[in-house]
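Asker: Turn this into a model:
(one chain, ligands or ions: 1)
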Amino acid sequence: MPQICFEQNDGSSVTVEANAGQTLMHEALRHGIVGIIGECGGSCMCATCHIHLKDPEKFGLGGISEMEEAMLELEGEDITPHSRLACQIEITPQLDGLIVTVASTGD
Ligand code: FES
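Answerer: Take a look at the predicted model:
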């Protein structure tokens, strides 16, 4: 199982064993990661799963899609070059060791 580390803005972090085939959002919820709400259930309609990826290129992850970016803008989130919506990232074995920072404070 790939291990994914979720960091918070206060410097704390939790590393979880994630199920391949699920989304990062789903696995964050399953492990009770603070700040990931997943209000829309993963349909890219809420931005309550905003994260920042560390070294996404190293894990073969692409950049933000137009739909993700539009949703983050709509919700007034601060977008960085490594911003993504966790519900739009499927976990694969290749993501073992990935570090993500939870962007939102859960509002
Ligand atoms: S859960 Fe709503 S956009 Fe990701």
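Asker: For the most centrally placed residue in the chain, give its distance to residue 66.
Answerer: Centroid check for the chain by Cα atoms, centre = their mean gives residue 86 as the closest residue, at 3.0 Å. Residue 86 sits 17 Å away from residue 66, going by Cβ to Cβ, to the nearest Å. Quick note: C-beta positions are derived from backbone N, CA and C, even for glycine.
Asker: returning to what we had before: residues touching the residue nearest to the centre of the chain, list them.
Answerer: Contact partners of residue 86, counting by Cβ atoms under 8 Å, 6 or more residues apart in numbering, are 23-25, 28, 36, 38, 49-51, 100.
Asker: so where does residue 101 fall, helix or strand?
Answerer: strand 98-102 (DSSP states H and E).
Asker: ok, that strand: who's next to it in the sheet?
Answerer: Strand 98-102 pairs in its sheet with strand 3-7 (parallel), strand 50-54 (antiparallel), by DSSP bridges.
Asker: Which positions in the last one come out as buried?
Answerer: Yep, that's strand 50-54 we're talking about. 50-53 (16 or more other Cβ atoms under 10 Å).
Asker: At which residues are the helices of this protein located?
Answerer: 24-30, 66-74 (DSSP state H).
Asker: Can you name the residues of this protein sitting close to the ligand?
Answerer: 25, 38-40, 42, 44-49, 85, 87 (Cβ under 6 Å from any ligand atom).
Asker: The residues you listed into a markdown table, with extra columns for neighbour count and distance to residue 60?
Answerer: Putting the residues of the chain next to the ligand into a markdown table (neighbours: other Cβ atoms under 10 Å; distance: Cβ to Cβ, whole Å) gives the following:
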| residue | neighbour count | distance to residue 60 |
| --- | --- | --- |
| 25 | 23 | 19 |
| 38 | 18 | 24 |
| 39 | 11 | 28 |
| 40 | 16 | 26 |
| 42 | 19 | 21 |
| 44 | 15 | 21 |
| 45 | 15 | 26 |
| 46 | 18 | 26 |
| 47 | 23 | 24 |
| 48 | 22 | 26 |
| 49 | 31 | 20 |
| 85 | 29 | 18 |
| 87 | 26 | 19 |
